[in-house]
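[1] output the structure for:
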Amino acid sequence: MEKREIGNTGVKVTPITFGTSAIGSMPDTYGYGVDEERARATIDAILDGPANVIDTSNNYGFGRSEERMGAAFRARGGLPEGMVVSTKVDRAEGTDKFDGDQVRRSFEQSLKRMGLDRVGILYLHDPEYAADLTEVTREGGGMDTVFKLKEEGLCDAVGLAMGKTVLQFELLKDWPFDTMISHNRMTLLNRNAQDMYDYAHGRGIAIMNAAPYAGGVLAKGSDQVKSISYTQVDDAALEPVRRIEEIAARYGVGTGALALQFSMRDPRITSTICGVSRPERVVQTIEWATTQVPEEAWEELAGLSYSTEDPEAMRDYKLG
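    From the prediction side, this is the model:
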């Protein structure tokens, strides 16, 4: 795969990044668990594949995602050459404290779990859930500490990863981020991040667009998944998904290929983060990324309506 540089950081990433939240086993979010054997096989498939970025976070599966990644790295004698690890510092479990000390504590935990002494990309994660946002934004707080870690040579690029677009847009204006992650907010079903992406791209901030399948429904199908962006929905709410499925069937391509390539075709987006929880999904993602889609299909998709509302406004957010 081609590689694209994140600003002037020297970090080069492929158009696909593999996400590992489900690998940490998060049944409250995804509706299923993932055991050690399956997680290891999935991580190995990522490390052996053409994409060079593997994304995780301190709180994915209460640390299990990073622990399982670390075990896979150690079995290979360390992180494979050319692979970029992307992780995130998180608020304290139980108290939601998110000051500078917590950022350092979170990062140290991540490095220990993965057996690393530094990472390529480090994000401040979900500040909207901090007990006190000023702990994050004040001088010497969580945000400043993330940038301090970059100054200390412990990461090459610093980013902001979160859900609530309005707050993320404001925070992007106040700090010199190299990159950002938004999830579920630039898909075939939803364009909630449209203005923010325009701004970030204009600033030279590398955009990592996560969850192109709207929580799985555009990958597995409306007959199997009855939720959109991790929220259970009724039959009527799935109609937009079915219209996309009809177009996919008409042109003989997978709905997942349309959803993934919708993100990959966007010139503002540096890399698309695809969460996987089994090795077959790693292979399938690459197949979807390289599927030939007729231009007529894109023209039909462009004629469909989409939401600009927050797709997770009704989500019952849980860490597990």
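[2] contacts, neighbours, all on C-alpha from now
    OK.
[3] what ranges does this protein have for its helices?
    27-30, 36-48, 64-75, 100-114, 133-137, 142-151, 165-172, 194-203, 217-220, 239-250, 255-264, 279-290, 295-302 (DSSP state H).
[4] pLDDT weak spots in the stretch 151-300 of the chain?
    By pLDDT under 70, the stretch 151-300 of the chain has no low-scoring segment.
[5] and the helices of the chain, which is most packed in?
    helix 255-264 (a mean of 23; mean count of other C-alpha atoms under 10 Å).
[6] neighbours of Tyr317, how many?
    Number of residues near Tyr317 (other C-alpha atoms under 10 Å) recorded here: 13.
[7] for the residue lying closest to it once chain neighbours are set aside, which residues are in contact?
    In space, and not counting its chain neighbours, Tyr317 is closest to Thr29: 7.7 Å by C-alpha to C-alpha, 6 or more residues apart in numbering. Shown in contact with Thr29 (C-alpha atoms under 8 Å, 6 or more residues apart in numbering): Tyr230, Tyr317, Lys318, Leu319, Gly320.
[8] buried among the residues you listed? Need that as a selection in ChimeraX.
    A single ChimeraX command selects the buried members of those (16 or more other C-alpha atoms under 10 Å):
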select :230,320
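[9] so which of the contacts of Thr29 are in strands?
    Counting by DSSP state E, the contacts of Thr29 place none of their members in strands.
[10] with distance to Asp266 as extra columns, can I get the contacts of Thr29 in CSV?
    Shown next, in CSV, are the contacts of Thr29 (distance: C-alpha to C-alpha, whole Å):
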residue, distance to Asp266
Tyr230, 24
Tyr317, 28
Lys318, 30
Leu319, 30
Gly320, 32
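[11] for the contacts of Thr29, which one is nearest Ala297?
    Within these, distances to Ala297 taken as C-alpha to C-alpha reach their minimum at Tyr230, with 26.9 Å.
[12] confirm for me that that closest one is in contact with Tyr30.
    Yes - assessed by C-alpha atoms under 8 Å, Tyr230 is found in contact with Tyr30 at 7.2 Å.
[13] for Ala289, what are its contacts?
    Applying C-alpha under 8 Å, 6+ apart, the residues near Ala289 are Ala257, Leu260, Gln261.
[14] can I get these in CSV with distance to Ala211?
    Output for the contacts of Ala289, formatted as CSV (distance: C-alpha to C-alpha, whole Å):
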residue, distance to Ala211
Ala257, 13
Leu260, 9
Gln261, 12
